[in-house]
Each structure stands twice: as C-alpha cells, then as structure tokens.
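Asks: A predicted structure for the sequence below; I have some questions about it.
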Amino acid sequence: MGDVGSLAIGGALAGLATLSRTELLMAVIAAVFVLETLFVLLQMSYFKTTRPITGTGCRIFRIAPIHHHFEHLGWDEVTVVVRFRIIAGMCVAAGLGIFHAGWFV
C-alpha cells in the first residue's frame, strides 16, 4: 500500500472518529501509528536541537521510523511486522474494551 491508500484509510478513520465523537478512543485503537509518528517527531526534534550544539545532530534511535530502527538492530522484517500487529491487536482490544465499558460516552 502506498501513500494514497494509507492516507485515504487514515482520513476515513479520522472522519469516522469525528462523526462518532470518539477521537481520543481512536488514538488508543491506532496507538501503533500514533507512536510511529511520535518517534519520528522525537528523532527529528532531538537531531535539530543538538545540531547547533555539536555541529552534527545526535540521534536517539539508529533511524526513524521506529520499525526501521528494529530492523537495524537485527530483527527480521517479518518479526517486526508480526510484533507490531500483535501490539496493534492489543490496542484495538483495549479500545473496544474501553468503548464497551461505557467510559467513552
């Protein structure tokens, strides 16, 4: 899936969350995607902040986004995908549990 497909799915999910007034719940359900974005922002911010100090920017992770960092650590691509899917499934289960419990009305 390329940028067009992933952006379309993300836009549809954001629209659905907005219409159903469950925006914060969507952040729980899509926690893997939210964390990927936050790690990229963290890496870029730290790099740009330390660049004037050191002359060359310092990195927190080997590479951003975080799934590439795990590949650079020696994890197989399939291992990274399976683990991220397991984490995403647990986040969806947690989000549905929160929604079903009525905490998000």
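Replies: Received the coordinates, thanks.
Asks: which residue is nearest the centroid of this protein?
Replies: Nearest residue to the geometric centre of the chain (Cα atoms, centre = their mean): Phe33, 2.4 Å.
Asks: quick one, helices of the protein?
Replies: For the chain, the helices defined by DSSP state H cover 3-19, 23-29, 31-54, 66-72, 77-101.
Asks: Ile60 is nearest to which of those helices?
Replies: For the helices of the chain, the distance to Ile60 is smallest for helix 31-54, at 5.3 Å, taking Cβ to Cβ. No exception for glycine: its C-beta is placed from N, CA and C like everyone else's.
Asks: so what does that closest one touch, helix or strand wise?
Replies: In this structure, helix 31-54 packs against helix 66-72, helix 77-101, with contacts taken as 3 or more Cβ pairs under 8 Å, 6 or more residues apart in numbering; DSSP states H and E.
Asks: mind checking how far the longest one is from the chain centre?
Replies: So the one you mean is helix 77-101. Taking Cα atoms, centre = their mean, to the nearest Å, the mean C-alpha location of helix 77-101 is offset from the chain mean by 12 Å.
Asks: hmm, back to that, could you report the pLDDT at the residue nearest to the centre of the chain?
Replies: Model confidence at Phe33, given as pLDDT, is 87.
Asks: so which of the helices and strands packed on helix 31-54 is nearest Ile29?
Replies: Proximity to Ile29, assessed across these by Cβ to Cβ, is greatest for helix 77-101 (3.7 Å).
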